[in-house]
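Enquirer: what's the 3D shape of this:
(one chain, ligands or ions: 2)
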Amino acid sequence: FDMFILAFLERLFRPSFRKDDFVLGKKLGEGAFGVVYKASLSNPKASSKLGDLVLKKATEYGAVEIWMNERVRRACANSCADFVYGFLERKSKGKGAEEYCLIWRFEGEDTLYDLMQSKEFPYNVETKILGDIQDLPKGLGRENRIIQTVMRQLLFALDGLHSTGIVHRDIKPQNLIFSEAARTFKIIDLGAATDLRVGINYIPKEFLLDPRYTAPEQYIMSTQTPSAPSVPVATALSPVLWQLNRPDRFDIYSLGLIFLQMAFPALRTDSSLIQFNRQLKRVNYDLQAWRRTVEPRAAPDLRKGFEILDLDDGIGWELLSSMIRYKARRRVSAKAALAHPYFNREGLGLSVMQN
Ligand code: ADP
Ligand code: MG
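Expert: Residues are numbered from 1 along each chain as shown. Ligands and ions are numbered 1, 2, ... in the order given. The predicted structure is shown next:
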């Protein structure tokens, strides 16, 4: 009960805004369901307090995204970009559909996608996490340590969401923003997320998902699961469904593909990832079999991935193999992955501070 009072007080004292309070800057993204801008408050005093912001104008799915962001802010704030406020903008005259506005703090310029596009990756991430560092010799071991640190950050954020009961369903490099203030990656874009404890957004909307990063199971819950819980009454039931179907493992598969792309320079482009997906499907999602088919004639920037993952007796390859599996229930959970021996070795200095 106290939680409701706290939530109520928090809402009462949190500043509220209207669309006119914001000045829009450059466009950061545009999808089928919304447009995202850099923005700031027009009132200079308030603006200097809040800093740069991000404003998303969203169509009908904006309601779910606001709900998810409110929930995340209370349950696992560190996992996602700092959410400031969300509201329904009154329809302008005419028949324009209703429009939602969502406001976050501007976390930084770079998504993991942007950073992976650079030839400097993963060293450009190391600089971001540690600040200016002296030039140590570059090599596989150092790259492995950086990738390991990023993976730990991503699993930590994902574990926060999953422990809250939220499955993101659109984990991809474009939806992982590097927070300059926290010096860590955070998850963004909760528009396709689903909260299984409460049943929000449970009906799968597969058209919201990105086929390049989706797990082979299209629906995160078995289609044989009794009717979808659509009202909060389902709270008592869903932990059971969670255990049965392991819906969180959908995100784990996507994160496995990101791990793969970080380790293999040759798989960072869209077209090479699509080709990888095709090859993996052809060998029935058996990663070891895929390795046997490509490794003998692998070019250097493909071979490099195997070399990185083979360090320390192949502990990285082992973790990757436990994430990219056909059957969801055979994939490792985010929490179990964090306890995997791959992470026993020291990562980058600051990474230990995030817990
Ligand atoms: P969509 O993918 O639906 O267009 P996103 O929420 O993913 O919307 O945002 C689009 C882009 O805007 C992101 O890929 C990222 O580059 C940028 N962005 C979103 N949220 C933030 C944030 N809090 N801080 C900085 N950049 C952001
Ligand atoms: Mg996005």
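
Enquirer: tell me what the lengthiest helix in the chain is packed against?
Expert: What stands out as the longest helix in the chain, according to DSSP state H, is helix 140-164. Judged by 3 or more Cβ pairs under 8 Å, 6 or more residues apart in numbering; DSSP states H and E, helix 140-164 is in contact with helix 62-75, helix 123-130, strand 184-187, helix 249-263, helix 300-309, helix 311-323, helix 334-338. Every residue, glycine included, has its C-beta placed from N, CA and C.

Enquirer: Pipe those into a markdown table and attach mean pLDDT and mean neighbour count per row.
Expert: Formatted as a markdown table, the helices and strands packed on helix 140-164 follow (pLDDT from 0 to 100; neighbours: other Cβ atoms under 10 Å):
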| stretch | mean pLDDT | mean neighbour count |
| --- | --- | --- |
| helix 62-75 | 93 | 19 |
| helix 123-130 | 94 | 18 |
| strand 184-187 | 98 | 24 |
| helix 249-263 | 97 | 24 |
| helix 300-309 | 96 | 17 |
| helix 311-323 | 97 | 18 |
| helix 334-338 | 98 | 18 |
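
Enquirer: can you list these in a markdown table and add distance to F276?
Expert: What follows is the helices and strands packed on helix 140-164, written out as a markdown table (distance: least, Cβ to Cβ, whole Å):
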| stretch | distance to F276 |
| --- | --- |
| helix 62-75 | 30 |
| helix 123-130 | 22 |
| strand 184-187 | 22 |
| helix 249-263 | 7 |
| helix 300-309 | 10 |
| helix 311-323 | 12 |
| helix 334-338 | 21 |
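
Enquirer: Secondary structure class of the closest residue to ligand 1 within the chain, three-state.
Expert: Nearest to ligand 1, among the residues of the chain, is G29, at 2.9 Å (Cβ to the nearest ligand atom). Under the three-state scheme (DSSP: H, G, I helix; E, B strand; the rest coil), G29 adopts strand.

Enquirer: Now do the phi/psi pair for T214.
Expert: With angles defined as degrees, to the nearest 10, T214 sits at phi -80, psi 150.

Enquirer: In JSON lines: the helices and strands packed on helix 140-164, plus distance to ligand 1.
Expert: As requested, the helices and strands packed on helix 140-164 are exported to JSON lines (distance: least, Cβ to the nearest ligand atom, whole Å):
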{"stretch": "helix 62-75", "distance to ligand 1": "8"}
{"stretch": "helix 123-130", "distance to ligand 1": "14"}
{"stretch": "strand 184-187", "distance to ligand 1": "8"}
{"stretch": "helix 249-263", "distance to ligand 1": "14"}
{"stretch": "helix 300-309", "distance to ligand 1": "25"}
{"stretch": "helix 311-323", "distance to ligand 1": "22"}
{"stretch": "helix 334-338", "distance to ligand 1": "20"}
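
Enquirer: In the protein, where is pLDDT below threshold?
Expert: For the chain, residues meeting the criterion pLDDT under 70 lie at 1-3, 11-13, 90-97, 133-135, 201-208, 218-244, 349-355.

Enquirer: What residues does it have near ligand 1?
Expert: Residues of the chain lying close to ligand 1 (Cβ under 6 Å from any ligand atom) are 28-29, 31, 34, 36, 54, 56, 81, 104, 106-108, 111, 174-175, 177, 188-189, 191.
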